[in-house]
Structure formats: structure tokens, C-alpha cells
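Trainee: Sequence plus predicted model, see below.
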Amino acid sequence: MDVAPFELERWFAEYEHDADVMLAESGVRSLPASDFDTDPGELGYVIPTKGAPDVRAAIADEHDRTADEVVCTVGTQEANFLVFQSLLSPGDHAVVVTPTYQSLHAIPESICDVTRVPLDPPEWTLDVDAVAEAIRPETELVVLNNPNNPTGRQHDEETVRAVYDLAVDADAYLLGDEVYRLLAEDPLPPVTSLGDRAISTSGLSKTYGLAGLRFGWLAGPSEVVEATERWKDYTTISPTKFGQHVARQVLTGREAELREDALAHVRANHEITAEWAREHGIDWPDPVGCNAFLEVPASFENSATFCRTVVEESSVVLAPGRCFGDAYDDYFRIGFGLPTAELREGLDRVSTVL
């Protein structure tokens, strides 16, 4: 398995540890561990290894599935990895809507042939006909991240249903990476509720500010779940005991409260960031979630030049668009989910550079 370097993570590795402000963070501000009961008891494996039945049942209720059709994972990253390894083989083909989080196309590309279908700027709309044209007889999987990272575009229910129907017609599956779904004021139904060829992956990192838990899941048809379980025996075996312990508290009692707090926080920061962008003549795409994909100011050659200048002169990390593909070198990703005081500080520092 020969996989491409993860450009965004390599960029973070170079700069994030020494910078003062992380304006490239892609989730909502982190919650303190003191907000939760942090004693999970004995630190053995989670049994059964695909997650405790009550936790899986809570996830299943949200995804129109049964508890047996859910696998709990170490973050959404593992959930996606398990799906790719379980469904794709050399000689297969996958269709991936881009720009998106690199692993959603890089892992499939390490296994089989992949066709990337680009969103149309500046609104980052999805041309369903382009997805149809990309599908081949050997297509096994279509991948859609919704709401989209990095653009913040939320494709509507009609569009998602149309893409699902294309997958069904091709006897393929639709994988919906939905880590930002609940950061929409009016979230769409999860992809997996569409039918027996649909899979949803998600987790607690983005909406709830619990990235350090490394707790995610996949929900889908039984044959997919069984295949991913076989692969999971070779990856992490079970979700983390601590992660599941806190996840249970979120999913079976505090989900509504924590989500509303996160939405209120993002609403306020959204307006602050939008005002900052407009002050600098930068078009604001009004994203869903806590990321925006903005055009690099004209005085800078490309995204890497701009973001490197910002971090070296102001100690603020932004994400170059090129980390999401060479076609996006005129853009940068900014995250506005961090604590509001840090957001204001970071924006002021970038303003000084501009």
C-alpha cells in the first residue's frame, strides 16, 4: 500500500506546535475533561469490540439503523479507512467529490482507480451529471463529504438523494462522511437512512469539541458492517475505553445541550469572521459548519506563500488550499470554531499582515 503524504498534516506538523494561534483548526473549541465523569473503570478492551450495545443503539437511533449495523471506531478517520479497505480492491473504481479531506481520496487511490469530481466555485455546488459521467461499470463506491470540508458547502437533500440513486443504479455504495452534519442549523437526514447502499461515518470530534476522545463510528448495511469488523481486528480492535465512556454521556443524555452550545458558539464566530473577511475585500461564501474556503489575497502568489507569510510574521496558522489539491492553490481554509478571544486575536494578527 503506497499512500501519498498527507499534505495538511505535514503542514500542521511544521507549524502548529510553535504558533500562537491555530486558525486552521477544523472543529469547535475543545471542551475540558472536567465537564464529564472521567472514570471508565478498568482499562480493558471495550466488549464487544465494535462498541457497547447501548452506545451503538444511541448512534443507530440517529441513523435509522439497528445497533448491529453500527461499528464504533477510533475517530471518523478509522471509520472511513475501514470502509475503503473493506469495499475496494485493485481493479475497482471509486468516485470522490473534491475538494475534501485528503484521506477521502488518498486512501482509495492507494487501492484502486479514482475519479475526482470537483465542486463548482464560487458557490461550490455539485454537478450531479458530472458524478453520473464519472461512474463506470467497475465503480464500487461514491464518496461525498457533506457539509464539505474545506468549503463549508452543504449539499441539499435532493442533491444527496440524486447521488445515492446514481450509486444504486451502478450497484455501488454511497459513503457519506458527515462529521459536520450536526453543525448545520437544520441538518439533513444521515446518508445511511437513504437505503441499503448507503453508509454514514461521523464522530464526536467536530461538533462537540471532543477531538481528543478519538471516538467515531460507521453505520450502514449489515454486509458492510461485517466486512469492516474483519478489518478492524487488524487496526484498533476496539474503540478506546475512555472515549466510549465519555461518548456514552454525550449520546445518551447531553447531546442536545452540547450541540446547542456548539451551534451558538459557531453562530457568533461565523459573524465575526464574515465581518473580518468583508473588511479585507475577501468574498465570504456563508459556510455551514466552522470552516471557510477563502480566496488568497491578490498580493500573494499562492496559498503556500500567503499562509507561510502569515505564520512566520504573525504566528497564526492557516491551511493552504494546495493541501486539498493543486487545483485549489488560490484558496486557504480558515477555521472559526476556536474560542472567540483566540479567534479575534488571530484575525487581528492576520489583518496586520494584510
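Mentor: Yes, it's here. The structure displayed is predicted, hence computed values, not measured ones.
Trainee: quick check: domain ranges of this protein?
Mentor: If you go by automatic domain parsing, the domain ranges for the chain are 7-29+255-353, 40-254.
Trainee: Pick the most buried one from those domains.
Mentor: With neighbours defined by mean count of other CB atoms under 10 Å, none of these is more surrounded on average than domain 40-254, at a mean of 20. (Glycine included, C-beta is placed from N, CA and C.)
Trainee: sorry, back to before: quick one: the domains of the chain as CSV, columns for distance to residue 1 too.
Mentor: Converted to CSV, those look like this (distance: least, CB to CB, whole Å):
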stretch, distance to residue 1
domain 7-29+255-353, 17
domain 40-254, 5
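Trainee: Kindly reformat those domains as a markdown table containing mean pLDDT.
Mentor: Listed next are those as a markdown table, based on pLDDT from 0 to 100:
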| stretch | mean pLDDT |
| --- | --- |
| domain 7-29+255-353 | 96 |
| domain 40-254 | 97 |
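Trainee: Mind jotting down where the strands sit in this structure?
Mentor: 21-22, 70-73, 93-98, 113-118, 139-145, 173-177, 198-203, 216-219, 291-295, 316-317, 319-320, 331-335 (DSSP state E).
Trainee: closest to residue 226 out of those?
Mentor: strand 70-73 (9.4 Å; CB to CB).
Trainee: Residue 62: what's its closest spatial neighbour, skipping adjacent residues?
Mentor: Leaving aside its sequence neighbours, residue 62 sits nearest to residue 190 (CB to CB, 6 or more residues apart in numbering; 6.8 Å).
Trainee: That neighbour touches residue 174, doesn't it?
Mentor: No: using CB atoms under 8 Å as the test, residue 190 is too far from residue 174 to be in contact (11.4 Å).
Trainee: ok, residue 37 - contacts?
Mentor: Residue 37 sits next to 245, 246, 249 when contact means CB atoms under 8 Å, 6 or more residues apart in numbering.
Trainee: Report pLDDT for it.
Mentor: pLDDT recorded at residue 37 is 96.
Trainee: Give me the distance between it and residue 295.
Mentor: Separation of residue 37 from residue 295 (CB to CB, to the nearest Å): 45 Å.
Trainee: now do residue 217
Mentor: Taking CB to CB, one finds residue 217 at 35 Å from residue 295.
Trainee: Kindly report the same for residue 347.
Mentor: Distance from residue 347 to residue 295, by CB to CB: 16 Å.
Trainee: What of residue 237?
Mentor: When residue 237 is compared with residue 295 (using CB to CB), they lie 44 Å apart.
Trainee: Residue 42 now?
Mentor: Plainly put, residue 42 is 52 Å away from residue 295 if you go by CB to CB.
Trainee: for residue 18, same thing?
Mentor: 27 Å.
Trainee: Next: residue 119.
Mentor: Look at residue 119 and residue 295: by CB to CB, they are 15 Å apart.
Trainee: Taking the centroid of the chain, which residue is nearest it?
Mentor: For the chain, the residue sitting closest to the mean C-alpha position, by CA atoms, centre = their mean, is residue 179 at 4.6 Å.
Trainee: List the contacts of it.
Mentor: With contacts defined as CB under 8 Å, 6+ apart, residue 179 is in contact with 76, 149, 201, 202, 203, 205, 206, 207, 216.
Trainee: give me that answer again for 10 Å
Mentor: Applying CB atoms under 10 Å, 6 or more residues apart in numbering, one finds that residue 179 lies in contact with 26-27, 75-77, 79-80, 101, 145-147, 149, 201-207, 216, 289.
Trainee: My read is that residue 124 contacts residue 283, right?
Mentor: No: if you go by CB atoms under 10 Å, residue 124 and residue 283 don't touch, sitting 11.8 Å apart.
Trainee: residue contacts, the nearest residue to residue 191 once chain neighbours are set aside?
Mentor: Closest residue to residue 191 apart from its sequence neighbours, by CB to CB, 6+ apart: residue 176 at 2.9 Å. With contact set as CB under 10 Å, 6+ apart, residue 176 has these partners: 142-146, 155, 160, 163-164, 188, 190-194, 198-202, 219-220.
Trainee: re earlier: how close does the residue nearest to residue 62 get to residue 168?
Mentor: Distance from residue 190 to residue 168, by CB to CB: 17 Å.
Trainee: go on, residue 208?
Mentor: 32 Å.
Trainee: before we move on, what about residue 331?
Mentor: Distance of residue 331 to residue 168, given as CB to CB: 33 Å.
Trainee: can you tell me which residues contact the residue lying closest to residue 168 once chain neighbours are set aside?
Mentor: Spatially, and ignoring its direct neighbours in sequence, residue 168 is nearest to residue 197 (5.0 Å; CB to CB, 6+ apart). Residue 197 makes contact with 141-142, 164-165, 167-174, 220-221, 224, according to CB under 10 Å, 6+ apart.
Trainee: Quick check: residue 98 touching residue 105?
Mentor: Yes: applying CB under 10 Å, one finds residue 98 in contact with residue 105, separated by 6.3 Å.
Trainee: what is in contact with those two at once?
Mentor: Common contacts of residue 98 and residue 105 (CB under 10 Å, 6+ apart): 114, 115, 116, 143, 324, 325.
Trainee: So what sits opposite the third one in the bridge?
Mentor: When you say that, I think you mean residue 116. Counting by DSSP bridges, residue 116 is bridged to residue 96.
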